[in-house]
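J.: Sequence and computational prediction follow.
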Amino acid sequence: MSDSLNIPNPPASEAEAAPGAPIRAMQPIGLTKRILLWLTSMNLAVTLLMFLAIASVIGTVLKQNEAFSSYLDVFGPFWFAVFRNLSLFDVYSATWFVAILLFLVASTSSCVIRNAPSFLRDMRSFRLNAQEKSLRAFAHQTELRTELTPAMLVPRIQASLKSAGFSSRVKAGPNETLISGRKGSINRIGYVLTHLGIIVILLGGLLDSKMQLKLMDALGMVKVETANIPVSEVPEASKVPVGGLQAFRGTVNIPEHKWGDVVFIGLKDGYVVQELPFKVFVNKFSIEHYDTGMPKSYMSNVTLTDKATGAEITKTIEVNHPVHYMGYNIFQSSFGDGGTKLKLDAWQLSGKAGVAQPIDSAVFEKKNFDFNDQKYRLEFTDFRQYNINPVIGADGLEHQVNYGPSVTFKLRNAAGEAIEYQNYFFPITFKDHQYFLSGV
């Protein structure tokens, strides 16, 4: 905010009016300036932000980076194909989403480059070249007459401006004295800092968008692996060496008392393996539950070993408390079963009804299973000690009830077709009757 006061000295004589300046013809706008004006236009920024908001809503509502088979089961073949072609299953890495971010970076950067110099100049300027005509054109202006001389007025006006929080400068001319006041100049830097903050956020989104990895895939520098195979069997073409990516976000599941030195990065309908310069050994996994059985907190005590030097450190990783090591941030994002030993009975419901077949296995193990002269294979994928589900009680209110332990497995036939089941260990009471649950 600035203010200027022009105090004319008594003129010696009236000045003749200057003739009007000739009107210049409008010059055509060049292509470069047209592009710059388009990039810095408010319409473009609002449009891009609208699409960005819509994409963010989709990414929030639609669970991201799930297995394609899960999406196929939920949406069916038609909508699965539509959503897949639009890259809605990985919105934040979609080509069109990255393009929006790039345009926003270009637009915001252009605004800063175009307007920041003038804002910074205005912060330092007192506008001592203001003319009487321009001051009279201000919407908020007034004219006062006084018998005091400029020498008497200037100190008083500067004192009044200072008491109101203004800094001031004086420019004395032969026929007039200009006093310019300035206040709130530091507020103008907010424009620059806000736009720079937006640029930093957008650049972070670009780094997290797998843009570099997609470019490597397009150039044939890396090959997407689609088979569910052990890391040792993944071909070198599907592995990214240490330092191969400037930034990445990958995941890996490590059971208790096991170690890992890679992470998996989802790409297209498969994944690539990012190698790490250290090993992560899980010493102990701990979890606390509320009285209802819902998870309260969980943490992992890990040992990190530098592959090059063999140096080791032991840290505890908790939710929202990552470990920083060798330039990497290691988060605990979720938890699951690490290979629980299972001792089960398979009860026949047809044929030899009531006959049980014992099964000794473990989560992540595969077990051959024969039934009615048919060959099957049991694939155990998860064990959950607690299953919290909402139940409407007798009072008509919703309550959280623990259904107890459950095991999830797939029954696969000789043709490779599988049906997934989730069986609960304890019977569930429903309308005064008890039932054993087996969900498909």
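T.: Received the coordinates, thanks.
J.: For S13, give me the pLDDT.
T.: Confidence at S13, expressed as pLDDT, is 44.
J.: To clarify, my last question referred to T226.
T.: Predicted confidence (pLDDT) for T226: 88.
J.: Give the closest residue to it in space, chain neighbours not counted.
T.: G270 (3.8 Å; CB to CB, 6 or more residues apart in numbering). In this view, the C-beta of every residue, glycine as well, is placed from N, C-alpha and C.
J.: From S238, how far off is the one you found?
T.: Between G270 and S238 the distance is 8 Å, computed by CB to CB, to the nearest Å.
J.: Do a quick rundown of the helices in this structure.
T.: In the chain, the segments counted as helices under DSSP state H are 31-39, 42-61, 68-85, 95-124, 132-136, 150-163, 189-207, 211-218.
J.: Show me what the last one is packed up against.
T.: Right, the one you point to is helix 211-218. When contacts are defined as 3 or more CB pairs under 8 Å, 6 or more residues apart in numbering; DSSP states H and E, helix 211-218 packs onto strand 259-267.
J.: which parts of the strand it packs on are buried?
T.: When burial is assessed from 16 or more other CB atoms under 10 Å, strand 259-267 yields the following buried residues: 260-267.
J.: now do stretch 106-122
T.: Residues of stretch 106-122 classed as buried by neighbour count (16+ other CB under 10 Å): 106-112, 116.
J.: residues contacting I330?
T.: With contact taken as CB atoms under 8 Å, 6 or more residues apart in numbering, I330 is in contact with 280, 302, 304, 317, 322-324.
J.: for F103, same thing?
T.: Contacts for F103 (CB under 8 Å, 6+ apart) come out as 44, 48.
J.: From L37, how far out is it?
T.: Counting by CB to CB, the gap from F103 to L37 is 15 Å.
J.: D370 now?
T.: D370 is 75 Å from L37, by CB to CB.
J.: and the two? which has more neighbours close in?
T.: Neighbour count, other CB atoms under 10 Å: between D370 and L37, L37 has more, with 13 against 9.
J.: Distance check, the more buried one against S107.
T.: 11 Å.
J.: how many neighbours does A67 have?
T.: A67 has 12 neighbours, counted by other CB under 10 Å.
J.: Quick check: chain neighbours aside, which residue is closest to G404?
T.: Nearest residue to G404, sequence neighbours excluded (CB to CB, 6+ apart): F426, at 4.2 Å.
J.: For D345, which non-adjacent residue is closest in space?
T.: A356 (4.2 Å).
J.: circling back: burial of the residue nearest to G404, as a residue count?
T.: 14.
J.: Same check on the one 10 residues further on?
T.: Using other CB under 10 Å, F436 has 11 other residues around it.
J.: what residue ranges in this protein score low on pLDDT?
T.: Scanning the chain for pLDDT under 70 picks out the ranges 1-28, 292-293, 350-354, 440.
J.: Walk me through the domains of it.
T.: 1-11+29-209, 223-330, 341-439 (automatic domain parsing).
J.: Including distance to M216, could these go into CSV?
T.: Shown next, in CSV, are the domains of the chain (distance: least, CB to CB, whole Å):
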stretch, distance to M216
domain 1-11+29-209, 13
domain 223-330, 8
domain 341-439, 31
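J.: so who does the residue nearest to D345 touch?
T.: 345-348.
J.: V200: which of those is nearest?
T.: A346 (57.4 Å; CB to CB).
J.: ok so, going back, between all of the buried residues of stretch 106-122, which two are separated the most?
T.: Farthest pair in those, by CB to CB: A106 and A116, 15.5 Å.
J.: Neighbours of L344, how many?
T.: By the measure other CB under 10 Å, the count of residues near L344 is 18.
J.: Excluding residues flanking it in the chain, which one is nearest it?
T.: Once flanking residues are discounted, L344 sits nearest to I359: 4.6 Å by CB to CB, 6+ apart.
J.: Distance check, that neighbour against V91.
T.: For I359, the distance to V91 equals 41 Å [CB to CB].
J.: With V363 instead?
T.: Distance of V363 to V91, given as CB to CB: 32 Å.
J.: before we move on, what about D261?
T.: Applying CB to CB to D261 and V91 gives a distance of 30 Å.
J.: try A394
T.: A394 sits 43 Å away from V91, going by CB to CB.
J.: quick one: which of these two has more around it?
T.: V91 (21 against 6).
J.: who touches the more buried one in this structure?
T.: Applying CB under 8 Å, 6+ apart, the residues near V91 are 55-56, 58-59, 62, 64, 97.
J.: H324 too?
T.: Applying CB under 8 Å, 6+ apart, we find H324 in contact with I330.
J.: mind starting the numbering at 2 from now?
T.: Okay, using 2 as the starting number, the last item reads as H325.
J.: Report the beta-bridge partner residues of it.
T.: Applying DSSP bridges to H325 gives these bridge partners: N330.
J.: What's the separation between it and G261?
T.: 18 Å.
J.: Check F431 too.
T.: 42 Å.
J.: contacts for stretch 290-301?
T.: 283, 285-289, 317-320, 333, 336, 387-389, 401, 403.
J.: ok so, going back, now which of the contacts of I331 would you call buried?
T.: Neighbour counting with 16+ other CB under 10 Å marks 281, 303, 305, 318, 324 as buried within the contacts of I331.
J.: Next step: those restricted to strands.
T.: With strands taken from DSSP state E, the overlap with these comprises 281, 303, 305, 318, 324.
J.: What sits closest to I420 if chain neighbours are left out?
T.: Computed as CB to CB, 6+ apart, the closest residue to I420 that is not its neighbour in sequence is L412, at 5.4 Å.
J.: and if you look at V171?
T.: Excluding the flanking residues, the one nearest V171 by CB to CB, 6+ apart is I180, at 5.4 Å.
J.: burial measure for that neighbour, as a count.
T.: Neighbour count of I180, defined by other CB under 10 Å: 23.
J.: thinking again about what came up before, out of the contacts of A357, who's nearest I200?
T.: The closest of the contacts of A357 to I200 turns out to be A347 (CB to CB; 60.2 Å).
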